[in-house]
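In: next one to model:
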Amino acid sequence: MTIAQATELVNKAVTRMNEAYGRPVFDEWAIVDLTTIQGQIFEYSGPRHAEFLKDFLENLVPLRQEMLKDDLEPGDFSFVRDARGADFDAFIVLGENLYLLCNHTVKDMEDITRDPQWKLAQASFVSLSERFRMTPVQI
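Out: This next block holds a predicted model:
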């Protein structure tokens, strides 16, 4: 799968998640390559373009430990419940060193999952992860 195809899938999944949840689950997402220390951002959608780039490494800290696990494969994902504000809440492995980072810039996962509608939205997130398990992104 290409970055363009991945972007299209993510846009559709985010729309389905938001419809199921009744409002945005994640108001920000990015497709990134973490081969280098500073990372490369291929796609970004969200309210804070300039701040996203400036604060990228700092916002990655809550997820970093999960992302460094050796056994991660395309389609694997993780959430952190204690990420605050601009810190990233979740990721999906898209391919080798490629990730989808998801965030809600105001709520944390504790707030999001407290709502019963989360279970409906979560199905679209898991379905998206399975698409990348079947067809990883290649650059």
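
In: ranking helices and strands of the protein by mean pLDDT, which lands last?
Out: Of all the helices and strands that make up the chain, helix 49-67 has the lowest average by mean pLDDT, DSSP states H and E, namely a mean of 83.

In: any chance of the backbone angles for Ile41?
Out: With angles defined as degrees, to the nearest 10, Ile41 sits at phi -100, psi 120.

In: you'd agree it is up against Phe56?
Out: Yes: using Cβ atoms under 8 Å, Ile41 makes contact with Phe56 at a distance of 7.3 Å. Quick note: C-beta positions are derived from backbone N, CA and C, even for glycine.

In: the two: which is more packed in?
Out: Taking neighbours as other Cβ atoms under 10 Å, Ile41 and Phe56 compare with Phe56 leading, 18 against 14.

In: mind pulling up the pLDDT for Trp118?
Out: For Trp118, the pLDDT comes out at 90.

In: contacting residues around it?
Out: Residues in contact with Trp118 (Cβ atoms under 8 Å, 6 or more residues apart in numbering) are 21, 25, 112.

In: by pLDDT, give me the weakest of those residues.
Out: Lowest pLDDT of the contacts of Trp118: Ile112, 87.

In: list the buried ones in the helix or strand harbouring that one?
Out: Ile112 belongs to helix 109-114 when elements are defined using DSSP states H and E. Buried residues in helix 109-114, defined by neighbour count with 16 or more other Cβ atoms under 10 Å: 109, 112-113.

In: returning to what we had before: by contact count, what packs against the helix or strand just after the least confident helix or strand of the chain?
Out: Remark: after helix 49-67, the chain's next helix or strand is strand 77-79, criterion DSSP H and E. Judged by 3 or more Cβ pairs under 8 Å, 6 or more residues apart in numbering; DSSP states H and E, strand 77-79 is in contact with helix 49-67, strand 90-95, helix 118-134.
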